[in-house]
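predicted model and sequence follow; I will ask about them next.
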Amino acid sequence: MRIYPLVFKHVFTKMDPEQAHHFAFNAIKIAQRAGLTKAARKFFAPAPKLKRTVMGIDFPSPFGLAAGFDKGATGIVALSDIGFGHVEIGTLTGQAQPGNPQPRLFRLVEDRAVINRMGFNNEGAERVAARVASARQHLKGDYQQTRPVIGVNIGKTKAVELDDAVADYLASTRQLAIHADYLVVNVSSPNTPGLRLLQSVESLRPLLSEVGELADKVSGRHIPLLVKIAPDLSDEDVSDVAQLAIELKLDGIIATNTTITRDGLKSDAAKVEEIGAGGLSGAPLKERSLAVLRQLRSLVPADMALIAVGGVESAQDVKDRLDAGADLVQGYTAFLYEGPFWARSINKDLERML
């Protein structure tokens with residue numbers, strides 16, 4: 001199980017990071033199509049004691065995969081088979097778009113971090129919706145007890161003006177909500193121009209209200225709705241978002257997305273400057289994301305779900321966030337460094353800790 005770090009060091013670090021991501025993800029999906037992940041499902045499965053109910057949904061484990069890894073919903077079943085209690089797909093937009101020019105994904109190995117400026121590259125909500133529906137049915141048929149959960153993360157199409165953002169989010173909602181276990185409105189990526197302006201309470205109020213109303217209408221049931229915020233918000237802005245979430249009776253908040261800051265990095269400053277713009281994720285985000293989580297927990301009701309993400313590498317990190325008031329925890333960047341046994345390792349260690 002410690003073979004992967006050697007493969008990463010001697011193989012993947014010599015490849016373009018985006019190419020390496022596709023290579024590794026394709027290998028997991030090929031294993032699933034060959035029936036290997038299903039055969040090994042008991043080996044990877046979280047212990048029954050890790051099960052928890054959040055937002056009225058049964059999760060087999062509090063630990064899941066954050067949005068960004070599986071943008072197109074092509075590997076939900078495979079990722080579920082290797083131990084993630086939930087898989088959040090996307091970010092998806094109302095229209096298909098290629099994202100930003102390559103290269104757009106960069107490793108900072110010394111910091112166990114990544115800088116990305118992917119730009120919501122995806123095939124569009126309508127095309128991806130069928131895959132989400134298929135994966136949902138597959139999981140329902142495969143798991144007799146608590147099945148892994150599917151979250152759907154939606155964002156703004158780059159070509160759409162901010163004044164038309166609500167209609168763009170509604171287009172995605174119309175296609176995807178019915179297939180989602182929960183829905184996330186992403187207004188916090190730094191890689192779509194102007195997107196973070198939607199985090200202001202004045203912009204968020206109509207956006208979240210209309211998305212939530214439409215999601216329930218097209219689904220014929222309540223779809224838990226969350227908003228994902230940036231770690232770069234001031235404490236005052238975090239407080240404002242918390243109050244709005246209470247006012248709108250949102251089901252939860254995801255804290256946090258990537259950061260535009262570059263403070264305290266071990267990597268060579270010239271290298272970081274050469275990489276340029278993008279969102280930083282990974283270990284350097286740990287302290288700020290935890291601080292935002294603690295602030296939110298002190299402000300919102302106990303029954304409002306908080307999903308913690310940012311700098312999560314180990315079971316201890318997961319437990320720290322659960323102890324700080326998170327209901328669920330997500331990881332992503334450490335998956336790139338640790339490989340396909342990462343979720344299993346966290347679940348096994350978490351089982352012992354709890």
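Cool, got the structure.

give me the below-cutoff pLDDT ranges for this structure.
Low-confidence segments of the chain, defined by pLDDT under 70: 1.

out of everything not next to it in sequence, what's closest to residue 275?
Closest residue to residue 275 apart from its sequence neighbours, by Cβ to Cβ, 6 or more residues apart in numbering: residue 106 at 4.7 Å. The C-beta positions use only the backbone N, C-alpha and C, and glycine is treated the same way.

again with residue 343
Nearest one to residue 343, counting by Cβ to Cβ, 6+ apart, is residue 83 at 3.4 Å.

ok so the one you found is a strand residue?
No: Residue 83 is assigned coil when assessed by DSSP: H, G, I helix; E, B strand; the rest coil, not a strand.

hmm, back to that, the residue nearest to residue 275 should be in a helix, yeah?
No: judged by three-state DSSP, residue 106 forms no part of a helix; its state is strand.

thought it was touching residue 114?
Yes: shown here, residue 106 and residue 114 form a contact pair, counting by Cβ atoms under 8 Å, at 6.8 Å.

who's more crowded, these two?
More crowded of residue 106 and residue 114, by other Cβ atoms under 10 Å: residue 114, with 24 against 21.

which residues are in contact with each of residue 106 and residue 114?
Common neighbours of residue 106 and residue 114, counting by Cβ atoms under 8 Å, 6 or more residues apart in numbering, are residue 17.

residue 231: neighbour count?
Close neighbours of residue 231, defined as other Cβ under 10 Å, add up to 27.

might you report the residue contacts of the residue nearest to it when sequence neighbours are not counted?
Nearest non-adjacent residue to residue 231, counting by Cβ to Cβ, 6+ apart: residue 256, 3.8 Å away. Residues near residue 256 by Cβ under 8 Å, 6+ apart: 188, 228-231, 285, 288-289, 292, 309-310.

ok, now with 7 Å
By Cβ atoms under 7 Å, 6 or more residues apart in numbering, residue 256 lies in contact with 229-231, 289, 292, 309-310.

out of these, which two sit at the greatest distance?
Between any two of those, the greatest separation by Cβ to Cβ is 11.7 Å, found for 230 and 309.

looking at the two now, which is surrounded by more residues?
residue 309 (30 against 24).

just say helix, strand or coil for the nearest residue to that one once chain neighbours are set aside.
Using Cβ to Cβ, 6+ apart and skipping residues adjacent in sequence, the residue nearest residue 309 is residue 330, 4.0 Å away. Three-state call for residue 330 (three-state DSSP): strand.
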